[in-house]
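Enquirer: build me a model from this:
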Amino acid sequence: MEANQINLCKVAIVKPLLALTAGVALVSHANAQSLCQIPNGFGAAALTIGVPNAVAMLEKPLTQHFLNSAPNFQVQEIRSNSSVNPARLAFDQIDIAFMGRRISDIETTAFKKATGNKPLELAIAYTPSMNARNAAWSLAVYVNKNNPLTAITMNELGRIVTQPLNESSIRTWNQIIKDKKYDQQPIHVYATPRYSGFGDSVRNLFNRQDQARGTVIIEDSDMILDRISHDPYGIGIAALGQHNAEIHEVSILNNNGKLTTGTEKEINNGDYPLKRMVYVYVNSKISKEKNNSVCSYLKYMLSKKGQYAISTSKNYFLPLNKQDLTLQKAKLAP
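Expert: Sure thing, here's the model as predicted:
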């Protein structure tokens, strides 16, 4: 049953892109060149962007602020989920793909097959430091209310929720806590499917390692927490900011030895290991006709004004810190 769930999820994510690539020659960009090599500005131009619901509350103020600065621009928004956006980008149905997660390895391979190159990835914001409905979330670790575990290292967490390559697995509670009630009791791991956006984000935290054997696959974050609330030996990674009387959040001890809980400050300064980012993707070999307009918007996203616009989003997406912002700007040519 679990294997079937994973396979179905994998098909749902990859099928749109593979269907488009089947029997189709590489997308032809006769005048294509590397992104942002043409001097850009705020002239008259049009863009089509793909926006999943999970980041729509970020995109709206960002685009509106951009249009205020560039009144001659036109931006058409196409609503779609993240699993469809890579395909639309590969076949020029959209110019910029907003994503609440990173493009998966499988999607990247299919994109390269269709276009001859990998897409350019830019991180533009952090996901909220709270549980925001209909938005991409940062992550947190949860256990049952009766579980005495209060803090965990990323190394310990990885050895619980994945199949570690070089270190021993943690499969019973007595390996990390001392409590007679939990002595030799198996750890029950709950997780979303590995090929879902949420599951893929968790895998990225642990070098793309497979989920632990015996992991119970559940469709969404709320259902994970429900199962943990009824299972004293359960643990799972779910959306940050979930609180009820039957579960409690486990603090994360980061690599600097600091105890973190996912506050806005911890996410923004890089202390919280389970933070997530919002990404945009573009074709790194883009036509001359589109280069100017795409680059104008990308550079605006990473500008002081663009990052301010992100900070005004309804669901409290967070602007990048100075270090991450510098890294992203370096991806764009002068």
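
Enquirer: next one: the closest residue to Ala90 other than its chain neighbours, what pLDDT does it get?
Expert: Closest residue to Ala90 in three dimensions, ignoring its sequence neighbours and counting by CB to CB, 6 or more residues apart in numbering: Ala114, at 4.2 Å. Where C-beta positions appear, they are placed from N, C-alpha and C, glycine not excepted. Reading off the confidence values, Ala114 has pLDDT 94.

Enquirer: do the one 3 residues further on as well
Expert: In this model, Asn117 is scored at 93, pLDDT.

Enquirer: number of residues surrounding it?
Expert: Using other CB atoms under 10 Å, Asn117 has 16 neighbouring residues.

Enquirer: do the same with Phe198
Expert: The criterion is other CB under 10 Å. On that basis, Phe198 has 24 neighbouring residues.

Enquirer: which strand or helix spans it?
Expert: With elements delineated by DSSP states H and E, Phe198 resides in helix 197-205, which encompasses its position.

Enquirer: all strands for the protein, in order.
Expert: Counting by DSSP state E, the segments of the chain that form strands are 33-34, 45-51, 73-79, 96-99, 119-126, 139-144, 151-153, 188-191, 216-217, 234-239, 247-253, 259-260, 277-283, 285-286.

Enquirer: which residues touch Gly270?
Expert: In this structure, Gly270 makes contact with 321, 323-324, judged by CB atoms under 8 Å, 6 or more residues apart in numbering.

Enquirer: residue closest to the middle of this protein?
Expert: Closest residue to the average C-alpha location of the chain: Arg101 at 2.4 Å, with CA atoms, centre = their mean.

Enquirer: thought Glu249 was touching Thr261?
Expert: Yes - in this structure, Glu249 sits in contact with Thr261. The criterion is CB atoms under 8 Å, and the distance is 6.7 Å.

Enquirer: need the residues touching each of these two.
Expert: Here Glu249 and Thr261 have Ala140 as joint contacts, going by CB under 8 Å, 6+ apart.

Enquirer: about what we covered before: could you identify which of the contacts of Gly270 has the most neighbours?
Expert: Taking other CB under 10 Å to define a neighbour, the member of those with the most is Asp324, carrying 18 neighbours.

Enquirer: wait, that residue sits on Ala125?
Expert: No - with contacts defined as CB under 8 Å, Asp324 does not count as touching Ala125, sitting 9.7 Å away.

Enquirer: find the nearest non-adjacent residue to Met154, please.
Expert: Met154's closest residue in space is Pro273 (CB to CB, 6+ apart), at 5.1 Å.

Enquirer: and the one you found, what does it touch?
Expert: Remark: with contacts taken as CB under 8 Å, 6+ apart, Pro273 is in contact with 154, 205, 252, 254-255, 260.

Enquirer: cool, thanks, signing off.
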